[in-house]
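Asks: Give me a 3D structure for the following:
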Amino acid sequence: MRLNPYGEEPVRLAVGLVTEPPRDAEELARRCVGAGLVVERPAGAADLREVEAFLDRWLTVVDADTPRARAERLNELLAGSSAYPRLTDHTGTGWHIHYRDTNLSLPGVVRALISVGTALHLTTRGMDRLRRCALTECGRPFGDFTRGGRQRYCSPTCANRDAVRRHRAKVTRTG
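Replies: Okay, the predicted model is just below:
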């Protein structure tokens, strides 16, 4: 997967894997390939467990209550997940930057990609551009990719549900 300047693709992958967890290692590999990762070896059950454990740690970045706490948690992920940037043309599709060592397992690639992608997203878009849905009963994580950076809900469905609830409460109070 190529990192765009804002880290959007890796953040979308992380959110997707958290909100709709893969049922097995094969599904994890398929979804990673679908997101543009090059999967060089078959994934197994241990790989799936390792990715799930990493995503639990990634959610602590989402749930951090200050930019400094978010940065500290993300720095911990980066320290254990990334390497010095290097140019590569490993697939013959063009030169690009990798922030990981070569020959990593799928979980290692996922950790590096999501950690660096999240860092790029937050530092270029804003440290508050990763959060939980404002709809109380939802709480799903999401990356805010909007131009203005004021997204509060994970989906239009949740935004509409909350708007209807607020409207009904207003009608009840004034009715």
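
Asks: Sketch out the low-pLDDT regions of this structure for me.
Replies: Along the chain, the model assigns pLDDT under 70 to residues 1-6, 175.

Asks: Which residue ranges of it form helices?
Replies: Per DSSP state H, the chain carries helices over the ranges 8-19, 25-34, 45-62, 67-81, 106-125, 156-174.

Asks: Out of these, the one nearest residue 89 is which?
Replies: Checking these against residue 89 by C-beta to C-beta gives helix 106-125 as the closest, at 16.6 Å. All C-beta spots, glycine's among them, are computed from the backbone N, C-alpha and C.

Asks: sorry, back to before: a markdown table for the helices of the chain, including distance to residue 94?
Replies: Putting the helices of the chain into a markdown table (distance: least, C-beta to C-beta, whole Å) gives the following:
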| stretch | distance to residue 94 |
| --- | --- |
| helix 8-19 | 16 |
| helix 25-34 | 18 |
| helix 45-62 | 27 |
| helix 67-81 | 24 |
| helix 106-125 | 17 |
| helix 156-174 | 35 |
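
Asks: Out of those helices, indicate the one that is most buried.
Replies: Mean neighbour counts were compared across these using mean count of other C-beta atoms under 10 Å; the top stretch is helix 106-125, at a mean of 22.

Asks: Now do that one: which elements does it pack against?
Replies: Contact here means 3 or more C-beta pairs under 8 Å, 6 or more residues apart in numbering; DSSP states H and E; on that basis helix 106-125 packs against helix 8-19, helix 25-34, helix 45-62, helix 67-81, strand 130-132.

Asks: I'd like the ones you listed laid out as a markdown table, including distance to residue 99.
Replies: Converted to a markdown table, these look like this (distance: least, C-beta to C-beta, whole Å):
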| stretch | distance to residue 99 |
| --- | --- |
| helix 8-19 | 10 |
| helix 25-34 | 16 |
| helix 45-62 | 15 |
| helix 67-81 | 8 |
| strand 130-132 | 18 |
